[in-house]
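1. Following is a predicted model, sequence given first.
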Amino acid sequence: MARMKFLCDAERCIECNGCVTACKNEHEVPWGVNRRRVVTLNDGEPGEKSISVACMHCTDAPCMAVCPTDVFYTTADGIVLHDKDKCIGCGYCLYACPFGAPQYPQESAFGARGKMDKCTYCAGGPEEDHSAAEHEKYGRNRIAEGKLPMCAEMCSTKALLAGDGDVVSDIYRERVLKRSGRPQTWGWDKAYGKS
Amino acid sequence: MFKKLSVLISVVILPVLLGGCYEGIGFTIHSPGNYKGPTDPLVAVSKTSEHQQRLLKRLQAVQMDR
């Protein structure tokens, strides 16, 4: 069984924010919420690196473990989804998530939290596929249409990859071999710094 | 007449009124990671090999390096 994953190739990402725009446009994401963000490390310095970050659809998702109302569920291919009707907006998932994926739209003038919103891997929610209710709450369900997430399919440099984790890692491995060098996304220097 | 009315109140009206104050004792026990909401039709679809193949074809068509 495939496991759906995202991978952002930091060597290719040019910080164009096309993925952010594609996501917002595809799902009509509310004002103030970005399901995907581009983070730049060492911004402005030579050798800066950018990566596109959203929900990573963790295999052992910490948001799922801490949610007091059990709003999270996973599909057979490992996509982590949530039910907005059961969400109480407590924010536990935000504290648990290492990527800052869960977000809350401001619901009133006094900033009360709305229902949690996060990347759905373009797979909608528990409502009937392609229904108006699903579209209103979660955006478009591209996975049910046999398509992959819009952010990855729109990426002009193919830095952002989405799909079966095994195939995605094969694509990345091939790139690394072609670049003929050790990828700087992992290794001793990345973990412990240059000595 | 008064006796009949009091019997009517105690037998018919009082239980109805008190019944309105009844609070359901059914509750949902929290069990982490155990989703209890409505089933997403996509969960069943995602198990099928046709769906897996469609997504794999899409990945190879759209995101592979050329």
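-> That came through, no problem. Residues are numbered from 1 along each chain as shown, chains lettered A, B, ... in the order given.
2. Is there proximity between the longest helix anywhere in chain A and chain B?
-> Taking DSSP state H as the criterion, chain A has its longest helix at helix A:165-179. Yes - interface with chain B: helix A:165-179 contributes A:167-168, A:171, A:174-175 (CB under 8 Å from any CB of the partner chain). For the C-beta atoms, the positions are set from N, CA and C on the backbone; glycine is no exception.
3. Give me the buried subset of those.
-> A:167-168, A:171, A:175 (16 or more other CB atoms under 10 Å in any protein chain shown).
4. what residues are up against residue A:73?
-> Contact partners of residue A:73, counting by CB atoms under 8 Å, 6 or more residues apart in numbering or on different chains, are A:80-83, A:126, B:35, B:37, B:40, B:43.
5. Apply 10 Å and report the result again.
-> For residue A:73, the contact set (CB atoms under 10 Å, 6 or more residues apart in numbering or on different chains) comprises A:64, A:79-83, A:125-126, B:33-37, B:39-40, B:43.
6. Looking at neighbours, which among the residues you listed is most surrounded?
-> In terms of neighbours by other CB atoms under 10 Å in any protein chain shown, the contacts of residue A:73 top out with residue A:82 at 29 neighbours.
7. ok, for that residue, nearest residue in space, not its chain neighbours?
-> If you skip the residues right next to it in sequence, residue A:82 has residue A:71 as its closest partner in space, 4.7 Å away by CB to CB, 6 or more residues apart in numbering or on different chains.
8. Would you mind giving both backbone torsions of residue A:37?
-> Main-chain torsions, residue A:37, degrees, to the nearest 10: phi -140, psi 150.
9. just residue A:67 next, same as before
-> With angles defined as degrees, to the nearest 10, residue A:67 sits at phi -60, psi 120.
10. same thing with residue A:94?
-> Here the main-chain torsion angles of residue A:94 (degrees, to the nearest 10) amount to phi -60, psi -40.
11. In contact with it, which residues?
-> A:63, A:66, A:100-104, A:113, A:116, A:118.
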